[in-house]
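> Any chance you could fold what I've pasted below:
(2 chains)
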Amino acid sequence: MSDKIVRIGGASGAFVDSAIAVPQLLTVPGMNYLIFDYLAEGSMGVFGRMQAMNPALGFMTDFVDVHVGPYLQEIKGKGIKIVANAGGLNPKGLAEALRRRADEMGVKLTIATVDGDDLRPRIDELRKRSIKEMFTGAPLPEKILTMNAYFGGFPIADALARGADVVLTGRVVDSALILGPLIHEFGWKPGDHDLLSAGTVAGHLLECGAQVTGGTFTDWADVPDWAHTGYPVGECRADGSCVITKPDGTGGLVSVGTVAEQLMYEVSDPQAYIVPDVVVDFTTVKLDQVGPNRVKVSGATGYAPTSTYKVSVTYDDGWRSTAITPIIGVDAVKRAERQAGAILQRTREMLRDRNMPDWRLAHQEILGTEAGYGHRAQALQPREVLMKLVVEHDDKKAADLFWREQNSAIMNMSVGTSIGVGGMPMPITQHYSFLIDKTELEARVTVNGESHASKVPTDGGYNASKTVRPAVPPPPAEAATQTVPLVSVAWARSGEKGDLFNVAVIARQPDYLGYIRQALTPKAIADWYRHFLADKDNWKVTAYEVPGIHALNFLVDESMAGGINKSPRLDSGAKGMAQQLLEFPVPVPDAIARKVNAARAA
Amino acid sequence: MTDKIVKIGGAAGASIDSAMAVPQLLGVPGMNYLIFDYLGEGAMALFAKLQQMDPNSGYMTDFIDVHVAPYMRDIKEKGVKFIANAGALNPRGLAKALAKRADELGVSLKIGIVDGDDLRDRVDALRAEGHRDMFSGAPFPETVLSINAYLGGFPIAAALAEGADIVVTGRVVDSALILGPLIHEFGWKPTDYDLLAAGTAAGHLLECGAQSTGGTFTDWRDVPDWAHPGYPVGECRADGTFVMTKPADSGGLCSVGTVAEQLLYEVSDPQAYIVPDVVCDFSGVKLEQIGPHRVSVTNVKGYAPTATYKVCVTYEDGWRATSVMPIVGIDAPAKAARQAAAILERTREMLRDRNLGDFTMTHVEVLDGEGSYGDRRRGSTAREAICKVAIEHDDKRAADIFWREQFSAMMNMSVGTTIGSLSGFGRAPGPVTKMFSFLIDKRQVPAQVQVDAADVPFEAGRTAVFQQAMLVRPEPPAVPSDTDPERTVPLISLAWARSGDKGDLFNVGVIARKKEYLPYIRSALTPDAVKAWYVNFDAKKVLRYDLPGFNALNFVVDESLAGGINNSPRLDAAAKGMAQQLLEFPVPVSEAIAASLKNG
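Below you'll find the model as predicted:
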């Protein structure tokens, strides 16, 4: 029993992911599960708008058409089970579509759904309570598109226990797609906090496609063959340990660096990574390279879960219009700046003339000038830029007005202005979160048309004050004498978390960490990113120690102009934040400088 | 009679133009006509697709909602007439909608229409006639979205003669929107070739919005107040002369430079600018600054028209998808180049595996601040770049495969690849609209004119027929003897320049700032030198034309735009940056000129 290995392949990490993953993962001997994560935070809004047009929609058709449909025979033949949050807002609709496809192919499948997460029928009732946004305290928004609770892994395990070959869910936390099968396979219990944490860590690593196997890795030049990137495979054991690897003959890279980066991706407090089933502590996790493209992940610990589910609401919030205009020639930057100013001036006057309020947001970026680098931008003199101007307004008429005037700029304004490449005015989907007591919801598991409420623990027990923060080691003894860029001594990965972003900095060698910590004070970080801060004087940067992987995790608050679904910036995903920090000059002793400079030269 | 001035305001120059033009132009004392050009070359395809969904659509609703309806009372009270090609594929539908709106507003307007240009009901017969594309020689397309002949100004004049307050047309040449009223007002005849050419020049200058009044002018710093540019006004006389100006108290600039640039905009052979009514020769045109923001335009010459109309066919041919991925960090351009190559490698293999053919087109641009500059790009150290990859394929499934895989690159490939708020820049798979042009005997396409839904009899006039041999090429200026090869100045010091696309070619008009600069410019800008300058755009052939009347040269660069504005996957599909690139060309000058530029 203790030798049992459960192999799980991460076959999709986003709304639109590669078609290369499934055939590749099907070649892995002994594969047990393929999991598919499709849903980002704002995705439900897309399904909500689809369903508003046609109630029979609201799920990922790609799951049937591209990812699973063509391989059903092989999947069934090999006894591989499938878990996917492809159900979106309509898991039963997807189950129907998959059933039809399976019937056509003569494949007999037991298909289960997990739902109950969709709270749209309860909006009116919930409105009567004084619900507050969990970060800002705002009341429930008016024009709600979708409202879904994030479920955990136990209902998925339940469906598997009832013989499901395929489990299709609505909204569950991404890592539950992996934790569910592990609970089922190893019989983990609600009180096994360390094991549930370990399974969540495995889930966190496997649910984002090739991001753990060399995708978006700092040392990008070391990652072979992007065209044939290997998708991740987790070899999981009953003790919670797991080896991350990838199929033979594929490109990509599995190393301590690639896994460490992904471990910290989009993580806030690494000792309080909250999922419905457990509160995970990443700081005890250890990573070991146990073979080529094989990294062992062990040591995760956890605490009792909270008594609430997070509920994610998407809602309609006015209109956005985006001008993206190529401007070519000497002084392109000056002309683009003047053009943006003239368009804003003209359209603002027009709004006034029509008794409409001003733009509630107007955002300008000249792309080609290192727009996101703020005060650290080089004095480039590009002869080709994109003038990007984003406005928002409650009234569609205002967005249309802007669209017309920005288009006329091609004839009205700067020489060298070419045809605009922006998009038509679009409705804005915003995001809102609140917590709801677990006892109020029922996760429904349906297998072969039979439906029941899944037994899910609801009692919680998490106590944040019991978290023991790791001791911060004393500063290094040896004096720093020269500086090297952070990239010489660390890997880094950034990601957005609503209005904040995290940057995890992982020391390439344990003895570098002290110097990195010494250099990257919260104040230094705030200063580095000051052009992103909503309030440059009252900033909040939190540094977390992650000693198990020799890392620091920084959270930069109020820095994302509202986050990925809202930010008008080029880097609304905050993927470039780590890239920016990797240029930070870190003072180190001569010996380290010599070593890393030699390594870079090689 | 000879003192009569007809004032025409150019109120729209594109399918989406500013809402500020109409109120501004209605404020000009003595205004007679406002004209609206909405139709770019590919515009009809869009209307055809709209009509496939709703047969009652197919015209510019903006003309009613934004440009006319708010001002209908002014039209009536001030007696200003409106002429617009807003009818597109359904002028009669637009006329009905306009009449309805006028009724609602209690305004009584006579509405004229011009059509007969729409040949969709004759597609099969025309295909059977074996027409080939007049530029490429390609055969007639199998499916057709739209097919329209470009009509001229006389049918518009006929509608005005019948008392129309508003004339809406289908496809006419843009300049006919101005030439029509001038024919009507001055009684010009089909054989008044010089006058018709002058009216066409006025039309060419007035039909592109603020482009003749400071928009996109080389000396952009000298153009005040882009927020409120004045839209152009032509003050036209019976002798064909006219003054270009703009409303008082507006921004913008009306100078010899701004007018000269626009005169050469999208012009190929400037001595054979062919419209249905006449063949224009711009080579002797004189431009004179006769007051602030007042430029007189004289000496336009004309030849008898051709016997044919140009017909433009739009059709769908395959699928295109365009991936646009922002990449942030050191070595961003190198990362972008690797990412583009990896996406193409992967998707090409997938096409092979699925027995789909290779992409019919692939296009990679790394937008790092110098993307279009080819061999003359400076090594970019930009830490933000945009990886742009476009593909085409006959099969939608192939475009879908590409679309999926490029998206996965965000997680699969380069670090720093982000989700940009680049709304609309990346394009999900969509059909590619292409164009096919041929010539048709004018007798086969009778123009139809109606006013208030009643037919107005119209017959085309009789003229001679244009012969290429009629053209007399001007003497080029003498080659200067005092050129000092060591003393070069960038072209921009000596000239203004304007570029524009013409299907699969682009033109660059170069106008000497002073007459004495022209010989040096001409000596430096040989067709071969210009071809070499644009080598990264696959320039195949460069033709140079002389326009001594206003000290200008016109370059036509062939086979260079990867299919032109409706088809090119390039960032600068419209070739608006080509003049900007040429303005950096080093021109050897004399010691005296070099010294004067240094001091000036």
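> C-alpha only now, for contacts and for neighbours.
Will do.
> what's the spacing between B:A260 and B:A201?
Using CA to CA, to the nearest Å, B:A260 is found at 11 Å from B:A201.
> which residue sits closest to B:F242 in space, ignoring its chain neighbours?
The spatial neighbour of B:F242 that comes closest, neighbours along the chain excluded (CA to CA, 6 or more residues apart in numbering or on different chains), is B:C236 at 4.3 Å.
> Pairing partners for the one you found in the sheet, please.
In this structure, B:C236 bridges to B:V6, B:F242 when assessed by DSSP bridges.
> Now do the contacts for it.
The contact partners of B:C236, by CA atoms under 8 Å, 6 or more residues apart in numbering or on different chains, come to B:5-8, B:182, B:242-243.
> Are any of these buried, and if so which?
Among the contacts of B:C236, those scoring as buried are B:5-8, B:182, B:242-243 (criterion: 16 or more other CA atoms under 10 Å in any protein chain shown).
> And the strands in the stretch 151-300 of chain A?
Using DSSP state E, counting those that start in this stretch, the strands of the stretch 151-300 of chain A run over A:166-169, A:233-237, A:242-245, A:273-275, A:278-281, A:286-291, A:294-298.
> Revised request: answer the last question for the stretch 301-450 of chain B.
Taking DSSP E, counting those that start in this stretch as the test, the strands found in the stretch 301-450 of chain B are B:301-303, B:308-328, B:361-367, B:384-393, B:427-441, B:448-451.
> Export these to JSON lines and append columns for mean pLDDT.
Supplementary listing: those in JSON lines, determined by pLDDT from 0 to 100:
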{"stretch": "strand B:301-303", "mean pLDDT": "98"}
{"stretch": "strand B:308-328", "mean pLDDT": "95"}
{"stretch": "strand B:361-367", "mean pLDDT": "93"}
{"stretch": "strand B:384-393", "mean pLDDT": "94"}
{"stretch": "strand B:427-441", "mean pLDDT": "94"}
{"stretch": "strand B:448-451", "mean pLDDT": "98"}
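> Looking at the ones you listed, spot the one closest to A:K575.
In terms of CA to CA, the element of the strands of the stretch 301-450 of chain B nearest to A:K575 is strand B:308-328, at 7.7 Å.
> which other helices and strands contact that closest one?
Packing partners of strand B:308-328 (3 or more CA pairs under 8 Å, 6 or more residues apart in numbering or on different chains; DSSP states H and E): helix B:43-53, strand B:146-149, strand B:384-393, helix B:396-412, strand B:427-441.
> Take those and write them to CSV, including distance to chain A and mean neighbour count.
Converted to CSV, these look like this (distance: least, CA to the nearest CA, whole Å; neighbours: other CA atoms under 10 Å in any protein chain shown):
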stretch, distance to chain A, mean neighbour count
helix B:43-53, 14, 18
strand B:146-149, 23, 26
strand B:384-393, 5, 26
helix B:396-412, 4, 23
strand B:427-441, 9, 18
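> Measure how buried residue 55 is and give me the count.
By default, I'm working from chain A. A count of nearby residues for A:P55, using other CA atoms under 10 Å in any protein chain shown, gives 14.
> Not quite, go with chain B.
A count of nearby residues for B:P55, using other CA under 10 Å, gives 13.
> One more: A:M426?
Neighbours of A:M426 using other CA under 10 Å come to 17.
> quick one: it from B:I166, how far?
Distance, A:M426 to B:I166, using CA to CA: 34 Å.
> How about B:K76?
Counting by CA to CA, the separation of B:K76 from B:I166 is 10 Å.
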